[in-house]
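Student: here are the coordinates; sequence isn't available:
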């Protein structure tokens, strides 16, 4: 009877893990739609190509080497695909239902690999409209195969940072990845943007900032709602279990807090935009919702619903000021990815000790510095090597024409383009 109960729990937890992974995979569509809506029409096909290709590259590279680097899972998942029922039952008899995991190792890989793709998707929007497609895809190989997995091995993998210190021992905690996924993606994006430079016409000679509107705000709005929905898998799946009463309640609280943080971020950004600009700015509203989601991702299980709403609201206000500040610094980010995922990702890490006494502010700061320092430095080196070898920016003429035609040979909206 005990074996039957355990097998049922194993099945429920594995199925839940897989469904949450599928929800996170759906976020790839959200990033694609958001970015396609916020770039100009002449760059739409290329941004969509990048999002599909980077997802495929992430899945292959994490299979080939990323998982082994991060979790010692074995090259090409050696041993992960096999299933030993007797071994699982023996482990259950020894450890009870409170072991480290009661789900399939294959489901763990699937859940982890979609997180890798999410980190890389963040880079895509920040370097949009002026980066060479193939240079971006080569960087995706390095990012998803080495840079992210090594950083993940120090955090979720529990390994020491270059043999020097263990972040967990210092009080570092990141439940679902405000820093490990989101700030890491933003760090890689920032390194690329600094080497790439701004789009032509974005900044004037005297510090003027010129708006370059996106081509399809309905598409950007759809992308935001897809991301909002996918985030329930992102945070909810990070509970890791569902098949008992305590974890089922924890999952419910994570869903509740994830949703209300997004709502708080959206409303706060909308109000902040109205105060600053005198208008209801849709792009700030969308980024505010995403900022609320990023802010709560580091710890969605311990806050109350009211605290989660306030945390999301802080993120919503912060992202508006961050976007404005980066523009003043002439750091051109067409979709606001560095602000949403980087600046607010750091905020999310620093909010963890407010409700989780197992973490510390010093541990969070050291963890944030470790993640950002490694990913930024390694990404900068990779981008710089690509710049020297193949170049990373299209020519001024190609940028003016649009990278859809020059990089992909087709237009997303051919009937609307002037000939």
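Tutor: Right, received. Where do you want to start? Predicted, not measured: the structure shown is a model, and the values here were computed from it. Numbering: from 1, shown residues only.

Student: all contacts plus neighbour counts: C-alpha atoms, from now on.
Tutor: Will do.

Student: wait, what's in contact with residue 144?
Tutor: 57, 58, 61, 62, 66, 116, 117, 120 (CA atoms under 8 Å, 6 or more residues apart in numbering).

Student: Work out for me the element the last one sits within.
Tutor: Counting by DSSP states H and E, the element that carries residue 120 is helix 105-126.

Student: Now do the next helix or strand after that helix: distance to the chain's middle.
Tutor: Later in the chain than helix 105-126, the nearest helix or strand by DSSP H and E is helix 133-142. Counting by CA atoms, centre = their mean, to the nearest Å, helix 133-142 is centred 17 Å from the centre of its parent chain.

Student: Next secondary structure after helix 133-142?
Tutor: Counting by DSSP H and E, what follows helix 133-142 is helix 148-154.

Student: What are the contacting residues of that following helix?
Tutor: Here helix 148-154 makes contact (CA under 8 Å, 6+ apart) with 62, 66-67, 69-71, 116, 159-161, 166-167, 180, 184, 371, 374-375.

Student: Near residue 275, how many other residues are there?
Tutor: Residues near residue 275, counting by other CA atoms under 10 Å, number 11.

Student: Then residue 196?
Tutor: Residue 196: 21 neighbours (other CA under 10 Å).

Student: Double-check it against residue 393; I have them as touching.
Tutor: Yes: with contact defined as CA atoms under 8 Å, residue 196 counts as touching residue 393 (6.3 Å).

Student: Mean pLDDT per helix and strand in the protein: which one sits at the bottom?
Tutor: Here the helix or strand of the chain ranked lowest by mean pLDDT, DSSP states H and E is helix 85-95, holding a mean of 56.

Student: among the contacts of residue 144, who's most crowded?
Tutor: residue 66 (32 neighbours).

Student: my read: that residue touches residue 146, true?
Tutor: Yes: Residue 66 is within contact range of residue 146, at 6.2 Å (criterion: CA under 8 Å).

Student: the longest helix in the chain is where?
Tutor: helix 2-38 (DSSP state H).

Student: Identify each buried residue in that helix, please.
Tutor: 6-7, 9-38 (16 or more other CA atoms under 10 Å).

Student: just the angle between that helix and helix 105-126, please?
Tutor: 10 degrees (axes from the mean of the first three to the mean of the last three CA atoms, to 10 degrees).

Student: where do the helices sit along the stretch 301-419 of the chain?
Tutor: 305-328, 337, 344-355, 361-389, 396-401, 403 (DSSP state H, counting those that start in this stretch).

Student: Same list, the ones you listed, but as CSV with mean pLDDT, distance to residue 43 and mean neighbour count please.
Tutor: Listed next are these as CSV, based on pLDDT from 0 to 100; distance: least, CA to CA, whole Å; neighbours: other CA atoms under 10 Å:
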stretch, mean pLDDT, distance to residue 43, mean neighbour count
helix 305-328, 98, 21, 23
helix 337, 98, 17, 29
helix 344-355, 98, 27, 24
helix 361-389, 98, 21, 19
helix 396-401, 95, 9, 14
helix 403, 96, 5, 28
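
Student: Nearest to residue 264, out of those helices?
Tutor: Residue 264 lies closest, by CA to CA, to one member of those: helix 305-328, at 4.5 Å.

Student: quick one on the thing from earlier: quick check: neighbours shared by residue 196 and residue 393?
Tutor: Common neighbours of residue 196 and residue 393, counting by CA under 8 Å, 6+ apart, are 130, 131.
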